[in-house]
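K.L.:
coordinates for the following, if possible.
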Amino acid sequence: MVLGAVLFVSGLLLLLLNGFAIVVTCYTVIYPGLLSIRAINSTGKNDDKTWLTYWLIFGILHVAETFLGFIFYIIPYWFFIRIGLFVWLVQFNGSETLYRTVVRDLLN
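P.N.:
Numbers count the residues shown, from 1 in each chain. Here you go, the predicted structure:
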């Protein structure tokens, strides 16, 4: 009971102090991670390709933000643009579109 209360108060404080970043991390990392595990355990191969493509694009964007973050963060509303980009990547299969149109040509 005490542990539950401590976890509840800690979770509430985290959401109040850093809630938006937690939600974004859950949507861009934890949710795709769970769907990737589900894809690995499924018998089909198409969903494996979808999530492998997502993680490739995610990694490229993460590396770009690491080394070029000073450029991204001077773009007005970059945080919201980034969220919109990840919604497109996850929900609308944008990772495959981005891979086919941009990344594949750069890697070949």
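K.L.:
what segments of the protein are helices?
P.N.:
2-25, 31-41, 46-72, 78-91, 94-98, 104-107 (DSSP state H).
K.L.:
which one of those is the most hemmed in?
P.N.:
helix 94-98 (a mean of 18; mean count of other C-beta atoms under 10 Å). C-betas here are computed from N, CA, C, even on glycine.
K.L.:
export that helix as PDB, just CAs?
P.N.:
Once non-C-alpha atoms are left out, helix 94-98 reads as follows in PDB (Å, rounded to 0.1, in the frame of the first residue of the first chain):
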ATOM      1  CA  GLY A  94       5.700   7.400 -43.300                       C
ATOM      2  CA  SER A  95       8.900   5.500 -42.500                       C
ATOM      3  CA  GLU A  96       8.600   3.300 -45.600                       C
ATOM      4  CA  THR A  97       7.700   6.400 -47.700                       C
ATOM      5  CA  LEU A  98      10.700   8.300 -46.400                       C
END
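K.L.:
turn the helices of the chain into CSV, columns for mean pLDDT.
P.N.:
Converted to CSV, the helices of the chain look like this (pLDDT from 0 to 100):
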stretch, mean pLDDT
helix 2-25, 75
helix 31-41, 90
helix 46-72, 89
helix 78-91, 89
helix 94-98, 92
helix 104-107, 85
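K.L.:
can you pull the pLDDT of the residue nearest the centre of the chain?
P.N.:
Nearest to the centroid of the C-alpha atoms of the chain, with distances taken as C-alpha atoms, centre = their mean, sits Thr28, at 2.2 Å. In this model, Thr28 is scored at 87, pLDDT.
K.L.:
dump the residue contacts of it.
P.N.:
Contacts for Thr28 were tallied using C-beta atoms under 8 Å, 6 or more residues apart in numbering; they are Phe58, Phe86, Val90.
K.L.:
ok, 7 Å please
P.N.:
Taking C-beta atoms under 7 Å, 6 or more residues apart in numbering, we find Thr28 in contact with Phe86.
K.L.:
distance of it from Phe67?
P.N.:
With distances taken as C-beta to C-beta, to the nearest Å, Thr28 is found 19 Å from Phe67.
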